[in-house]
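Novice: the following block contains a protein sequence and its predicted model.
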Amino acid sequence: MEVKTYFDQDTATFTHLVWDDKSMQAAIIDPVLDFDFETGRTSTEAIEMVLQDLKALGLTLSYILETHAHADHLSAAPFVKEQCGGQTGIGAKIPAVQEVFKAIFNLDDLAVDGSQFDLLLNEGDSLPLGELTIRALETPGHTPACLSYQIGDAIFVGDTLFSPGYGTARADFPGGNASTLYRSIERLLGFPDDTRLFLCHDYPEAGAPPESVHTVTEQKARNVHLQGQGKGDYVKLRTNRDAQLALPHLIIPSIQVNIRAGAFPPPESNGISYLKTPLNKL
């Protein structure tokens with residue numbers, strides 16, 4: 001397995017290009033679409049760097065995989081699919097997330113069956129990637145539909161874990177649960193100590209490079225949210241911390257797009273798509 005990771009500075013997000021070096025079959029995990037909140041304009045600058053490398057390496061794209069419906073960046077999955085093909089995939093429990101946010105944003109047109117995605121993946125489902133196998137691991141807690149992807153000695157964990165100095169995902173979004181998140185973390189840290197855990201985000205201090213991967217050993221030893229005496233300590237820490245956190249800057253546009261597999265809302269009579277902002281709701 002080969003991995004190349006790209007860091008989007010604006011959203012602190014990692015996109016991973018993963019491929020089998022024999023068949024040259026590839027997957028992209030958590031692609032980012034550039035979005036300027038002030039103007040409402042999107043661009044594909046970040047994801048085009050990934051696609052340039054994909055083409056230069058002679059790779060064939062099989063999958064575009066989301067670890068969850070992100071609340072901090074828009075997905076570039078439709079652009080990737082248009083340019084390179086590939087099937088879009090996400091956790092099979094995504095309808096639970098769609099249902100919640102359909103009500104919050106009053107999205108009458110939205111189907112809440114996950115049909116916007118090509119692949120709805122359950123625990124233990126596997127996808128062939130040349131001579132490699134991608135195995136789906138359900139890791140809920142941040143959202144009820146969070147999924148991690150195991151490929152060989154590596155797991156792509158989404159938001160479940162951050163770099164050890166920053167901790168773990170929040171659990172206060174609709175459907176999130178700190179106890180459930182702790183069980184998912186325990187599961188990931190139950191893999192062999194040298195297992196590589198690839199992250200979706202990092203928030204390094206000024207001047208420090210972002211860190212995209214840590215071993216199970218490193219997370220056990222150094223993760224600042226996991227140094228207590230078990231689930232009770234973690235849930236208390238996570239709950240207290242979440243109560244002090246502001247909502248992600250891009251949660252309103254991101255959720256409305258990402259629960260549609262990255263598609264924009266249907267254009268209105270003037271041919272323009274619009275995003276909604278619910279007043280006094282979030």
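Specialist: Sure, I can see it. Residues are numbered from 1 along each chain as shown.
Novice: so for Arg135, what's the pLDDT?
Specialist: We have a pLDDT of 98 for Arg135.
Novice: how close does it sit to Ile155?
Specialist: Going from Arg135 to Ile155 by Cβ to Cβ, to the nearest Å gives 9 Å. C-betas here are computed from N, CA, C, even on glycine.
Novice: give me the more crowded residue out of these two.
Specialist: Ile155 (24 against 17; other Cβ atoms under 10 Å).
Novice: which strands or helices does the helix or strand that one falls within pack on?
Specialist: Assigned by DSSP states H and E, Ile155 belongs to strand 154-156. If you count contacts as 3 or more Cβ pairs under 8 Å, 6 or more residues apart in numbering; DSSP states H and E, strand 154-156 packs onto strand 147-151, strand 196-198.
Novice: surely Gly176 and Thr143 touch.
Specialist: Yes. Between Gly176 and Thr143 there is a contact under Cβ atoms under 8 Å: 6.1 Å.
Novice: ok so, going back, what lines up beside the strand holding Ile155 in the sheet?
Specialist: When pairing is defined by DSSP bridges, strand 154-156 lines up against strand 147-151 (antiparallel), strand 196-198 (parallel).
Novice: got those strands as JSON lines, with mean neighbour count and mean pLDDT columns?
Specialist: Output for the strands paired with strand 154-156, formatted as JSON lines (neighbours: other Cβ atoms under 10 Å; pLDDT from 0 to 100):
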{"stretch": "strand 147-151", "mean neighbour count": "24", "mean pLDDT": "98"}
{"stretch": "strand 196-198", "mean neighbour count": "22", "mean pLDDT": "98"}
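Novice: between those, which one is nearest to Thr5?
Specialist: Of all the strands paired with strand 154-156, it is strand 196-198 that lies closest to Thr5, at 7.2 Å by Cβ to Cβ.
Novice: from the chain's centre, how far out does the closest one sit?
Specialist: 14 Å (Cα atoms, centre = their mean, to the nearest Å).
Novice: tell me the strands beside the helix or strand just after that strand, with direction?
Specialist: Counting by DSSP H and E, the next helix or strand C-terminal to strand 196-198 is strand 213-215. Applying DSSP bridges, strand 213-215 is found paired with strand 196-198 (antiparallel).
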